[in-house]
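Asker: give me coordinates for this.
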Amino acid sequence: MHYRPFAALFLLAFATTVMAQSNELKQLKNSRPNIIIVLVDDMGYSDLGCYGSEIETPNIDSLASGGMRFMQFYNQGRCCPTRASLITGLQPHQVGIGHMTYPPEQPLGFEGPYQGYLNDNCTTLASVLKSAGYQTLMSGKWHLGIDREECWPLQRGFDKFYGCLSGAINYFKPGGNRGLTEGNDPVPVPEGFYATDTFTDKAIEYIDGAAQQDDKPFFLYLAYNAPHWPLNAKWEDYQKYRGKYKDGWRALIQARTERQRELGLLDGVKEVSKHNGPDWNTLSESERDQQDAIMAAYAGCVDSIDQNIGKLVDHLKATKQYENTAIFFLSDNGACQEGGRLGQGDEAMVKNPPLETTDGVRIGMQWARACNTPYRKYKHFVHEGGACTPMIAHWPSGIAQSQQGKLVHQRAYLQDFMTTVIDLSGGSYPKDVPPCKGVSILPLLAGSEDNVHTEPMFWEHEGNAAARIGQWKLVREYEKPWELYDIAVDRTESNDLATQQTEVRDDLIRQWEAWATETGVAFPQRFNMYEFLSQQSKTKQH
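Answerer: Residues are numbered from 1 along each chain as shown. Coordinates of the predicted model:
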């Protein structure tokens with residue numbers, strides 16, 4: 001008897017909350033804000049201050065405190081497959097980039113499981129938003145096909161494009177097949193060029209040009225190449241961090257983990273995944289100094305991104321566009337281990353970087369693992385360290401003040417951007433291409449605590465594969481045995497249950513194989529396009 005009034009009050013409060021969220025969602029749909037998607041390249045899960053880092057990122061942290069941070073947002077494990085899913089709303093295998101794009105030096109005519117460039121059987125975010133009356137702008141890295149002009153940004157829905165078509169460039173002076181393009185034309189490297197700065201300046205120029213033309217909203221895709229190798233940090237940015245990494249990668253992991261716990265990012269995480277690298281004290285003094293220099297170069301590149309986000313936000317505020325601009329900030333995959341066990345480069349290479357080449361500093365496996373704290377693996381892989389991305393949504397006039405600063409624990413992924421921007425813009429998805437695989441995340445921005453995804457999610461890259469449904473994650477490293485984790489209590493993938501939960505494992509394997517067959521995945525063998533091309537070339541020579 002005494003509890004009935006409390007129960008009634010609880011039900012009334014619950015109903016009021018649900019109604020408020022429903023009204024908020026209605027207001028968000030077809031609200032037609034400006035939309036900016038900022039994609040950074042090879043940045044680890046814990047590399048932002050708001051995700052636990054010591055790197056100074058006050059401008060991005062401000063977006064997080066005034067917006068939402070996603071804890072389970074997933075990418076495709078590598079640069080161009082991620083871009084393919086982001087821009088099309090489909091799996092990368094469906095749109096021609098199941099492995100990677102064609103390397104710039106390879107002539108067209110590739111014969112293999114994947115064509116290596118964005119195909120014609122898909123639409124793009126730009127095309128959908130352009131048809132909805134948006135001005136569509138892009139600055140930065142394309143990486144969806146370089147040799148076939150039909151794949152380039154202007155042919156795929158963008159009104160303006162400035163940047164690099166290839167997958168990596170020199171930050172100070174791009175050159176050769178990895179040069180600069182504006183529109184459809186190659187352009188010289190301007191005086192004082194620095195990729196992160198220039199891409200931002202060009203984005204601002206395009207925004208101003210759009211504002212002068214008419215009152216249409218704009219869509220900006222700002223795709224930085226940083227902090228992808230070569231780590232061409234500016235000298236002053238590098239010096240800010242020189243000496244801060246002399247205690248090594250395990251000390252960095254510990255410091256970031258403590259910070260993540262303070263921020264509430266590790267709720268439910270019992271243990272951080274192990275770092276299998278060598279003990280820091282087994283390195284010589286000169287090796288430790290070199291490692292400090294390598295990580296300082298990386299940190300300087302991330303710091304520069306933050307400075308430029310500040311520049312962009314300041315411009316939006318100055319032109320009174322800030323309040324009604326939805327900004328999404330994310331990384332294309334986990335930190336990059338492609339520099340080998342201990343990375344490469346030194347302070348001399350930072351101070352006097354090679355120009356017109358992508359030779360330069362790389363962080364390597366040990367620092368990459370630390371940058372992905374608390375998770376396992378890195379770029380290429382679809383364990384959490386490779387495929388789980390920091391993602392921030394910020395929109396002053398769209399995200400209620402009560403929701404600002406919120407941690408979003410529901411899972412979402414790249415394909416959701418297509419459905420989300422359609423909801424925001426009132427646009428429509430064409431019927432003559434495969435149906436979009438994503439769902440709208442607007443309910444999450446409106447404060448919903450319900451999952452937007454209840455169906456399985458699937459991944460594959462080079463034979464690295466995974467499936468997520470509910471609490472379970474099935475994951476495989478190349479052709480090694482499948483692993484199974486209860487993600488609800490084991491986000492760091494530390495306790496493999498594959499031999500204990502055999503029914504769950506086998507059911508997920510069957511579902512993954514059915515998806516792989518339907519999607520056109522080349523499996524079960526590991527497939528590497530570059531190795532394939534090399535072998536094909538040798539065969540033709542003989």
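
Asker: mind listing what Ile509 touches?
Answerer: Ile509 makes contact with 474, 482, according to C-beta atoms under 8 Å, 6 or more residues apart in numbering. All C-beta atoms are positioned from the backbone trio N, CA, C, and that covers glycine.

Asker: in a strand, that's where Gln72 is, yeah?
Answerer: Yes. With DSSP: H, G, I helix; E, B strand; the rest coil as the criterion, Gln72 is part of a strand.

Asker: those helices in the stretch 51-200 of the chain, which residues are they?
Answerer: Ranges of helices in the stretch 51-200 of the chain, per DSSP state H, counting those that start in this stretch, are 58-65, 79-88, 125-131, 195-213.

Asker: check the stretch 201-350 of the chain too.
Answerer: For the stretch 201-350 of the chain, the helices defined by DSSP H, counting those that start in this stretch cover 235-241, 249-263, 285-318, 347-351.

Asker: tell me which element Gln27 is part of?
Answerer: helix 4-28 (DSSP states H and E).

Asker: ok, then the element right after that helix?
Answerer: Next element after helix 4-28 (DSSP H and E): strand 34-40.

Asker: where in this protein is pLDDT low?
Answerer: Scanning the chain for pLDDT under 70 picks out 1-21, 103-113, 268, 523-525, 537, 539-542.

Asker: and if we set it to 80?
Answerer: Along the chain, the model assigns pLDDT under 80 to residues 1-24, 102-114, 267-271, 273, 523-542.

Asker: return the residues in contact with the nearest residue to Ala64 once chain neighbours are set aside.
Answerer: Nearest residue to Ala64 in three dimensions, chain neighbours excluded: Cys50, at 3.9 Å (C-beta to C-beta, 6 or more residues apart in numbering). Residues in contact with Cys50 (C-beta under 8 Å, 6+ apart) are 57, 60-61, 64-65, 69, 263, 392.

Asker: give me the phi and psi for Cys50.
Answerer: phi -70, psi -10 (degrees, to the nearest 10).

Asker: roughly how far does it sit from Ser65?
Answerer: 7 Å (C-beta to C-beta, to the nearest Å).

Asker: do the same with Gln290
Answerer: 36 Å.

Asker: out of those two, which sits in the busier spot?
Answerer: Taking neighbours as other C-beta atoms under 10 Å, Gln290 and Ser65 compare with Gln290 leading, 18 against 13.

Asker: I figured the more buried one hits Asp346, correct?
Answerer: Yes. The pair Gln290 / Asp346 is scored as a contact, 5.2 Å apart, by C-beta atoms under 8 Å.

Asker: rewinding a little: nearest to Val489, of the helices of the stretch 51-200 of the chain?
Answerer: Val489 lies closest to helix 58-65 among the helices of the stretch 51-200 of the chain, at 25.6 Å (C-beta to C-beta).

Asker: now Ile487. Nearest residue, chain neighbours left out?
Answerer: Lys473 is the one closest to Ile487 (C-beta to C-beta, 6+ apart), at 4.8 Å.

Asker: swap that for Gln410, sorry
Answerer: Once flanking residues are discounted, Gln410 sits nearest to Asn451: 5.0 Å by C-beta to C-beta, 6+ apart.

Asker: equivalent analysis for Asn119, please.
Answerer: Distance criterion C-beta to C-beta, 6+ apart; nearest residue to Asn119, sequence neighbours excluded, is Gly96 at 3.8 Å.

Asker: OK, contacts around the one you found?
Answerer: By C-beta under 8 Å, 6+ apart, Gly96 lies in contact with 84, 114-119, 145.

Asker: which of the residues you listed are buried?
Answerer: Taking 16 or more other C-beta atoms under 10 Å as the criterion, what is buried in the contacts of Gly96 is 84, 114-119, 145.

Asker: export the residues you listed as CSV, with columns for distance to Ala223.
Answerer: Formatted as CSV, those follow (distance: C-beta to C-beta, whole Å):
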residue, distance to Ala223
Ala84, 13
Tyr114, 21
Gln115, 22
Gly116, 19
Tyr117, 17
Leu118, 14
Asn119, 20
Gly145, 14
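
Asker: in strands, which of these fall?
Answerer: Judged by DSSP state E, these include no members of strands.

Asker: nearest to Ala255 among the residues you listed?
Answerer: Nearest member of the buried ones among the contacts of Gly96 to Ala255, counting by C-beta to C-beta, is Ala84, at 35.4 Å.

Asker: hang on, the closest one packs against Leu118?
Answerer: Yes. Shown here, Ala84 and Leu118 form a contact pair, counting by C-beta under 8 Å, at 6.6 Å.

Asker: pull up the overlap in contacts between these two.
Answerer: Counting by C-beta under 8 Å, 6+ apart, the contacts common to Ala84 and Leu118 are 95-97, 144.

Asker: how about the strands in the stretch 401-542 of the chain?
Answerer: 406-408, 412-413, 457-461, 464-469, 472-476, 483-486 (DSSP state E, counting those that start in this stretch).

Asker: and Thr101, what does it touch?
Answerer: Contacts of Thr101 by C-beta under 8 Å, 6+ apart are 80, 116-117, 143-146, 167.

Asker: Val421 now?
Answerer: By C-beta under 8 Å, 6+ apart, the contact set of Val421 is 35, 125, 128-129, 219, 427.

Asker: what do you get if the cut-off is 10 Å, keeping everything else the same?
Answerer: If you count contacts by C-beta atoms under 10 Å, 6 or more residues apart in numbering, Val421 has them with 35, 37, 89, 125-126, 128-129, 132, 134, 219, 326, 328, 427, 440.

Asker: pick out the most distant pair among those.
Answerer: Ala126 and Ser440 (18.3 Å).

Asker: about what we covered before: what about the shared contacts of Ala84 and Leu118, which are in strands?
Answerer: Counting by DSSP E, the shared contacts of Ala84 and Leu118 contribute nothing to strands.

Asker: are any of these buried, and which?
Answerer: 95-97, 144.

Asker: can I get those residues in a markdown table with distance to Val521?
Answerer: A markdown table is the format used below for those (distance: C-beta to C-beta, whole Å):
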| residue | distance to Val521 |
| --- | --- |
| Val95 | 13 |
| Gly96 | 13 |
| Ile97 | 12 |
| Leu144 | 19 |
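
Asker: which residues touch Glu205?
Answerer: Contacts of Glu205 (C-beta under 10 Å, 6+ apart): 137, 139, 160, 162.

Asker: restricted to strands, list these.
Answerer: 137, 139, 160, 162.

Asker: my guess is the last one meets Asn184, correct?
Answerer: By that I understand Tyr162. No. The pair formed by Tyr162 and Asn184 falls short of the contact definition of C-beta atoms under 10 Å, at 11.5 Å.

Asker: give me the common contacts of the two.
Answerer: With C-beta under 10 Å, 6+ apart, Tyr162 and Asn184 have common neighbours Pro153.

Asker: pick out whichever of those two has more residues nearby.
Answerer: Neighbour count, other C-beta under 10 Å: between Tyr162 and Asn184, Tyr162 has more, with 21 against 11.

Asker: distance-wise, check that one relative to Glu182.
Answerer: 5 Å.

Asker: need the residues touching each of the two.
Answerer: By C-beta under 10 Å, 6+ apart, the residues touching both Tyr162 and Glu182 are 139, 202.

Asker: leaving out the residues flanking it, which one is nearest to Lys121?
Answerer: You called it Lys, but residue 121 is Asn. For Asn121, the closest residue by C-beta to C-beta, 6+ apart turns out to be Val433, at 5.8 Å.

Asker: can you pull the contacts of the one you found?
Answerer: Per C-beta under 10 Å, 6+ apart, neighbours of Val433: 88-90, 94-95, 119-123.

Asker: pull out the buried members of those.
Answerer: By 16+ other C-beta under 10 Å, those give 88-90, 94-95, 119, 122-123 as buried.

Asker: from these, pick the one nearest Trp512.
Answerer: Distances from Trp512 to those, taken as C-beta to C-beta, are shortest for Gln94 (16.0 Å).

Asker: just give me the neighbour total for the closest residue to the closest one other than its chain neighbours.
Answerer: Excluding the flanking residues, the one nearest Gln94 by C-beta to C-beta, 6+ apart is Pro434, at 5.8 Å. Burial measure for Pro434: 15 neighbouring residues, criterion other C-beta under 10 Å.

Asker: no further questions, thank you.
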